[in-house]
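Enquirer: need a structure here:
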Amino acid sequence: VGTVQVLIPLAGVVDIEALRAKLQKDLSKVEAEVQSLSQRLSNANFVDKAPADVVQGARDALAEAEKQAELLKERLVRL
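Expert: Numbers count the residues shown, from 1 in each chain. The predicted structure is shown next:
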C-alpha cells in the first residue's frame with residue numbers, strides 16, 4: 001500500500017503559529033531520539049554485546065526517526 005500526501009492551504013483556517021510551535025516541539029523530540037539512538041549505535045560495547053535483533057531494532061528505529069525528522073523539517077519550511 002502506497003502513501004498519498006495531500007496539501008491543503010491552511011491560512012485563515014488554522015493558527016499557523018500554534019501549528020509551527022507544535023511541529024517544532026515534535027521535531028525537537030525526534031531529534032533527541034535520533035541523537036540517543038546514534039549514541040547507542042556508536043557505542044562498540046552495545047553493538048558487540050547486544051543481541052543482533054536488538055541492534056537491528058535500534059538501527060531501524062534510527063532510520064525511522066531520521067525520516068520523521070526530515071518530514072517535520074519539510075512541513076516547517078512549507079509553513
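Enquirer: Now do the SS call for the residue located most distally from the centre of the chain.
Expert: Relative to the centre of the chain, the most outlying C-alpha is that of G12, 27.9 Å out, by C-alpha atoms, centre = their mean. Secondary structure, DSSP: H, G, I helix; E, B strand; the rest coil: G12 is coil.
Enquirer: That one and V30, how far apart?
Expert: In this view, G12 and V30 are 29 Å apart by C-beta to C-beta, to the nearest Å. In this view, the C-beta of every residue, glycine as well, is placed from N, C-alpha and C.
Enquirer: Q5 too?
Expert: 18 Å.
Enquirer: More neighbours: which of those two?
Expert: Taking neighbours as other C-beta atoms under 10 Å, Q5 and V30 compare with V30 leading, 20 against 6.
Enquirer: Could you check how far E66 is from V6?
Expert: 24 Å.
Enquirer: ok, the two, which is more surrounded?
Expert: E66 (16 against 4).
Enquirer: ok, the more buried one - contacts?
Expert: By C-beta atoms under 8 Å, 6 or more residues apart in numbering, E66 lies in contact with V34.
Enquirer: in what helix or strand does it lie?
Expert: helix 52-78 (DSSP states H and E).
Enquirer: And that helix, what's buried?
Expert: 55, 58, 61-62, 65-66, 68-69, 72 (16 or more other C-beta atoms under 10 Å).
Enquirer: Same question for stretch 9-27.
Expert: For stretch 9-27, by 16+ other C-beta under 10 Å, it's 23, 26-27.
Enquirer: Show me where the chain dips below the pLDDT cut-off.
Expert: The model of the chain has pLDDT under 70 over residues 10-11, 13.
Enquirer: Compute the distance between the residue farthest from the centre of the chain and L19, please.
Expert: Taken as C-beta to C-beta, the span from G12 to L19 is 13 Å.
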